[in-house]
Structures are given as C-alpha cells and as structure tokens.
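Enquirer: Got a sequence here, can you build the structure:
(one chain, ligands or ions: 1)
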Amino acid sequence: MSKISISASISHEQFEHPFINAAGVFDETAKDMDEVLNSEAGGVTTKSATLEPRPGNPLPRYYNTEFGSINSMGLPNQGLEYYLDYIKNSKTNKPIDLSISGTSMEDNLKALKIVQASSFEGLCELNLSCPNVVGKPQIAYDYDAIKETLDAVFSFYTKPLGVKLPPYFDLQQYDAVAKILNQYTLTYINTINSVGNGLIIDPETESVVIKPKGGFGGIGGSYVKPVALANVRAFRQRLKPEIKIIGTGGVNNGLDAFELILCGADLVEVGTALAKEGPQIFERLNNELTQIMKEKGYQNLSDFRGKLKEYQG
Ligand code: RRO
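Expert: Numbering: from 1, shown residues only. This next block holds a predicted model:
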C-alpha cells in the first residue's frame, strides 16, 4: 500500500501537515512562533496584528474549562512591523501566515497597504471577527461593512488574502455572506473565530472568570465544534471552489479534524487545545488523522474532503 499523505495547500503555500495554530494562540512573540514551527505543525499564523503594539485587555483575560475556554484578550500584539520582521528573518521552510486586525477600517487599509508594499508573499488573513475590543462590534456581522471593507481592500491588494469570519447561526446569514464573498478574488476564508460574548461563571465564587467586559468573552474548544462544522459545511456549499477554507473550532483530536475536512476544510487550525497542551499536540494530531485515514483506506485528504454524505437512513 502506498504511503498516506496529509499534505495540504492554499494558493502557492504547501503545508506538509494540515494543522496550524489558530491566530491568537502561541503566536504573540517570536519565541512562541518558533516553538510552533519547531513542532510538527504545518506552519504558523501570527497573532492578529495592529499597526502599533497593544497591551490588550486587563488580566485575567483567558480561562480554560473542561470543555473549552473563554477569552477576552483584546488584541495584545507586538505591532505589524514586528511580525513582518519576524517573517523576513525566519529561516523556516514552512508557511507563515500573517494575521491583521485593525481596530478601524482605516487601520485595516493602512496595514494592508504596508503588507502590499512589503516583500511578504505569503497568506495574509484579515480578521473581521474580533469579539473583544471594547466599543468595536465584529465587522463581519454587518454585511454592508464586509462589502465596504473588501471593495476598498481589493482596489489595491493583489496578494493572497483570506478573511477570518465569526460563527453564523442562520442559513440566511450563510447565503448573504457567501454572496458577498463570491464577488472578490478572495483566496480563503477561516471559519470560525471564537463564539463571541459567551459567559463562563464559577458557581462556587458566584462570579465571572475573566475581568474584561464584565466577564463576557469568546468561547472556544469542544463547546463550539458543531458550530464550526456547520460553518465550514455551509460555506463550502455556497462559496465558489477557488475560495479555500481553513476550518477552526473545537479540534482536540484527529477525529475532530477528519470531520472538519469532511465538511470541506482545506487546512485545520487549533486554538484552545493548543493552549492547553502546547505545540507537541501537532504530532499527536498528525498521527491520529493518519491512523483514521489508514483505517478508512484514504491516502490523501482530497479523498474525503468536502464529501460529507446526506443522511443515510
Ligand atoms: O485578541 C482577542 O481578544 C481575540 C481576537 Br483578535 C480574535 O479574533 N478572537 C478571539 O477570540 N480573541
């Protein structure tokens, strides 16, 4: 039997392994990103960058539970220049994706103009779904704002671009958002960001568990897996095939990744489970996914990608 390959690609970027960190986990500093790159991860994504460095929200701003996590980090990051320098100086042969998350339309455009003018040729991901900046709603819940942003971006940006989307919950939302996204030469979407403004409480102390925003924050981990599967599936059914999909949300093991790929994911990102387990998780995920493929007789991810079947009654 020939060898099983779990390699994947988006645009010109080749990933020997299909797992990378979700933006915001193990990626704020060069040391964090080096650790991910030195593991069995397929590549690394930077923390979403703003034009200037930001300290983020007050601590504590992240909390793990048995089934997931809540965060209200508030975009702590070292600033765009830091991440561009890191990429420029990196000796890795793995892809490094650059995530951008300005706190205004103007800042997003300024940041992307800097990236356009730079030597960076990799995947850039515009985060339209940060749930945790006080006073700034998630752009991608406002259809006019998505359109306005992408009209402005594609008037000058010619490099491969993805957008990070929040979870949607209604079939009409998928229809409306896919219709907008299909109008652009978008390289990929990344779905889902954390489920925004959830609440986790400690019944013993009768209090919220994180400080910012009265305890409200983005929910990740096993809680959100069905929402991630639905978003990947719904967008794969609606987007033109040239737009690839990074599936993110609730990946703890190889089976979770298998399911996301069955729904249509080209690449898989790991957030909460990476925060809990550290970068050695990537070796386990690669092995578990390979084992599942072996048992099912699949040799490549394309053998089952997007091939989820209707109800087999
Ligand atoms: O930094 C954050 O608080 C954060 C961001 Br930018 C995001 O996109 N998603 C998230 O859960 N947290």
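
Enquirer: which bits of the stretch 51-200 of the chain sit near the ligand?
Expert: Within the stretch 51-200 of the chain, the positions lying close to the ligand (CB under 6 Å from any ligand atom) are 71-75, 101, 127, 129-132, 193-194. C-beta: built from backbone N, CA, C; applies to glycine.

Enquirer: Could you single out the nearest of those to residue 302?
Expert: residue 193 (26.3 Å; CB to CB).

Enquirer: Spatially nearest residue to that closest one, not counting backbone neighbours?
Expert: Nearest residue to residue 193 in three dimensions, chain neighbours excluded: residue 129, at 4.0 Å (CB to CB, 6 or more residues apart in numbering).

Enquirer: Over to residue 88?
Expert: residue 119 (6.6 Å).

Enquirer: go on, residue 41?
Expert: Counting by CB to CB, 6+ apart, residue 41 lies nearest to residue 282, which is 4.3 Å off, once chain neighbours are set aside.

Enquirer: Find the helix or strand that that neighbour is a member of.
Expert: helix 281-296 (DSSP states H and E).

Enquirer: so how far is that helix off the chain centroid?
Expert: 21 Å (CA atoms, centre = their mean, to the nearest Å).

Enquirer: can you start the count at 42 instead of 1 from here on
Expert: With 42 as the first residue, the last one maps to helix 322-337.

Enquirer: and that helix, what other elements does it pack with?
Expert: If contacts are counted by 3 or more CB pairs under 8 Å, 6 or more residues apart in numbering; DSSP states H and E, helix 322-337 sits against strand 60-62, helix 295-304, strand 308-311, helix 313-318.

Enquirer: buried set for the second one?
Expert: Which is helix 295-304. Neighbour-count burial for helix 295-304 flags 295, 297, 298, 299, 300, 301, 302, 303, 304 (criterion: 16 or more other CB atoms under 10 Å).

Enquirer: Point me to the residue of the stretch 242-354 of the chain nearest the ligand.
Expert: residue 259 (3.2 Å; CB to the nearest ligand atom).

Enquirer: Tell me if that residue really is in a helix.
Expert: No: assignment of residue 259 by DSSP: H, G, I helix; E, B strand; the rest coil gives strand, placing it outside any helix.

Enquirer: dump the residue contacts of it.
Expert: Contact analysis of residue 259 by CB atoms under 8 Å, 6 or more residues apart in numbering lists 111, 112, 113, 172, 173, 234, 235, 236, 237, 238, 239.

Enquirer: ok, the residue nearest to residue 82 - contacts?
Expert: Residues in contact with residue 323 (CB under 8 Å, 6+ apart) are 58, 60, 77, 80, 81, 82, 83, 311.

Enquirer: possible to save these as a markdown table with pLDDT?
Expert: Output for the contacts of residue 323, formatted as a markdown table (pLDDT from 0 to 100):
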| residue | pLDDT |
| --- | --- |
| 58 | 98 |
| 60 | 99 |
| 77 | 98 |
| 80 | 98 |
| 81 | 98 |
| 82 | 99 |
| 83 | 99 |
| 311 | 99 |
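
Enquirer: Could you single out the nearest of these to residue 212?
Expert: Nearest member of the contacts of residue 323 to residue 212, counting by CB to CB, is residue 311, at 27.5 Å.

Enquirer: if I look at the closest one, how far off is residue 335?
Expert: According to CB to CB, to the nearest Å, residue 311 and residue 335 sit 21 Å apart.

Enquirer: With neighbour numbers in mind, choose between the two.
Expert: residue 311 (28 against 12; other CB atoms under 10 Å).

Enquirer: Let me know the pLDDT of the residue lying closest to the more buried one once chain neighbours are set aside.
Expert: The shortest distance from residue 311 to any non-neighbouring residue, by CB to CB, 6+ apart, is to residue 292 (5.0 Å). On pLDDT, residue 292 comes in at 99.
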